[in-house]
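Q: Sequence and predicted structure are below.
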Amino acid sequence: MPVPALPPTLPAIVAPAATQPTTHLSQITPGAIWPDDRGKHIQAHGGGIIKLGDTYYWFGEDRSQDNEKDKRYVACYTSTDLMNWTFRRQVIAQGTPLEPGKWWALERPKVFYNAKTRKYVMYVHIEGGDKKGYARGEVATYISDTVDGDYQFIRSFRPLNLESRDIGQFIDDDGSAYLIFESRPTKGFYIAQLSEDYLDVAKITCFIESRLEGGALVHYDGLYYVLGSHMTGWDPNPNMYATALKLEGPWSEFKDIAPPKAKTFGSQSTMLLKVVGNKTTSVLYIGDMWKPKTQWDSRYLWMPLEIGQGKMRLPEPRPWSIDMTTGVVSFK
Ligand code: GAL
């Protein structure tokens with residue numbers, strides 16, 4: 001079967017006219033420019049999403065073209081319908097906390113809310129300081145009293161002394177919080193539980209010996225599904241998933257989420273979002289379509305997954321919407 005691809009040339013970002021009315025979206029269009037409430041393309045790449053009450057908070061790398069070169073930025077957006085996102089603020093906008101050296105990378109921010117301490121703890125993948133390129137392989141933690149406050153740097157470290165690159169987040173149905181992190185020396189990735197205050201990575205729940213990054217997890221209908229991408233930097237590749245009855249494993253073998261030739265329709269896994277409605281539960285694939293030379297124009301591929309009985313399939317991207325009350329997805 002031929003694999004329909006996304007249009008090869010995506011429209012360029014056009015600066016909105018000053019008089020442009022507030023954007024209201026009634027669908028999610030994978031791969032398109034995604035305007036926020038100001039009409040600006042959402043800057044939340046490699047992101048993480050948490051739900052507090054009825055509100056979703058989307059944090060991600062803010063790669064705006066007018067950002068200062070030596071600083072790194074994390075933006076926070078909110079939504080109640082997953083289509084229309086309000087820009088709250090840049091919750092991180094700062095120079096390197098790592099000495100010495102100017103270049104640094106802050107990637108894939110994930111925020112966890114700790115109900116006991118009432119603090120918001122952010123994990124990021126951090127690179128730089130005295131290490132050139134991506135040689136550091138650490139996470140950094142940040143903390144804030146409010147969800148969209150100024151996140152303060154705490155420290156950078158290797159979780160349980162293990163090299164850590166791409167990170168993912170997972171909150172289980174019982175509220176326990178996990179960090180997923182990829183580690184080259186052991187040729188695989190870890191699912192690790194956070195400490196009670198979330199300020200540390202406490203214990204390895206599972207090591208999965210598969211060289212996958214962009215790790216994402218969801219618990220659906222009695223099964224855990226883990227998803228990841230191969231390691232081709234910013235370039236897309238065929239992402240794969242496996243299943244297990246328990247987080248500890250054993251995990252099934254990895255299978256393709258979409259026809260391999262489609263290379264995940266030009267995207268890379270970032271997270272899996274479960275929306276529980278009163279009629280059904282939908283699981284959304286949240287991926288990044290990176291544009292390494294024009295990062296601010298990187299797009300998002302969000303699609304409802306076909307999932308169940310140990311199978312997970314990313315259908316061909318097309319516009320869709322979700323009813324947040326029922327959880328039912330419709331295609332346009
Ligand atoms: C990708 C990774 C991104 C970023 C990039 C840098 O593999 O998923 O988050 O680190 O490499 O080349």
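A: Looks like it arrived, so ask away.

Q: Let me know the secondary structure of the residue of the chain found nearest the ligand.
A: Proximity to the ligand, evaluated over the chain using C-beta to the nearest ligand atom, is greatest for Gly233 at 3.9 Å. (Each C-beta comes from the backbone N, C-alpha and C, glycine too.) Here Gly233 takes the coil state, with states given by DSSP: H, G, I helix; E, B strand; the rest coil.

Q: where does the stretch 1-150 of the chain dip in pLDDT?
A: 1-22 (pLDDT under 70).

Q: Quick one: name the residues of it near the ligand.
A: Contact residues (C-beta under 6 Å from any ligand atom) of the stretch 1-150 of the chain with the ligand: Gly46, Glu107, Arg108.

Q: how about the nearest residue to the last one, chain neighbours excluded?
A: Yep, that's Arg108 we're talking about. Gly46 (4.0 Å; C-beta to C-beta, 6 or more residues apart in numbering).

Q: and the helix or strand hosting the one you found, what other elements does it pack with?
A: Assessed by DSSP states H and E, Gly46 sits inside strand 45-52. When contacts are defined as 3 or more C-beta pairs under 8 Å, 6 or more residues apart in numbering; DSSP states H and E, strand 45-52 packs onto strand 55-61, strand 104-114, strand 268-276, strand 281-289.

Q: mind giving me TSV with the ones you listed and columns for mean neighbour count?
A: What follows is these, written out as TSV (neighbours: other C-beta atoms under 10 Å):
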stretch	mean neighbour count
strand 55-61	22
strand 104-114	22
strand 268-276	22
strand 281-289	23
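
Q: quick one: which of these is nearest Gly137?
A: strand 104-114 (11.1 Å; C-beta to C-beta).

Q: Could I have the CA atoms of the next helix or strand after the closest one written out in PDB?
A: The element immediately downstream of strand 104-114 (helix or strand, assigned by DSSP H and E) is strand 119-128. Listed next in PDB are the C-alpha coordinates belonging to strand 119-128 (Å, rounded to 0.1, in the frame of the first residue of the first chain):
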ATOM      1  CA  LYS A 119       5.900  22.400  44.300                       C
ATOM      2  CA  TYR A 120       6.300  22.100  40.600                       C
ATOM      3  CA  VAL A 121       9.500  20.300  39.700                       C
ATOM      4  CA  MET A 122      10.900  20.500  36.200                       C
ATOM      5  CA  TYR A 123      13.300  18.000  34.700                       C
ATOM      6  CA  VAL A 124      15.200  18.900  31.500                       C
ATOM      7  CA  HIS A 125      18.000  17.300  29.500                       C
ATOM      8  CA  ILE A 126      21.000  19.500  29.900                       C
ATOM      9  CA  GLU A 127      24.300  19.800  28.000                       C
ATOM     10  CA  GLY A 128      27.200  22.100  28.100                       C
END
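
Q: Can you list the strands that strand 119-128 pairs with?
A: strand 104-114 (antiparallel), strand 138-144 (antiparallel) (DSSP bridges).
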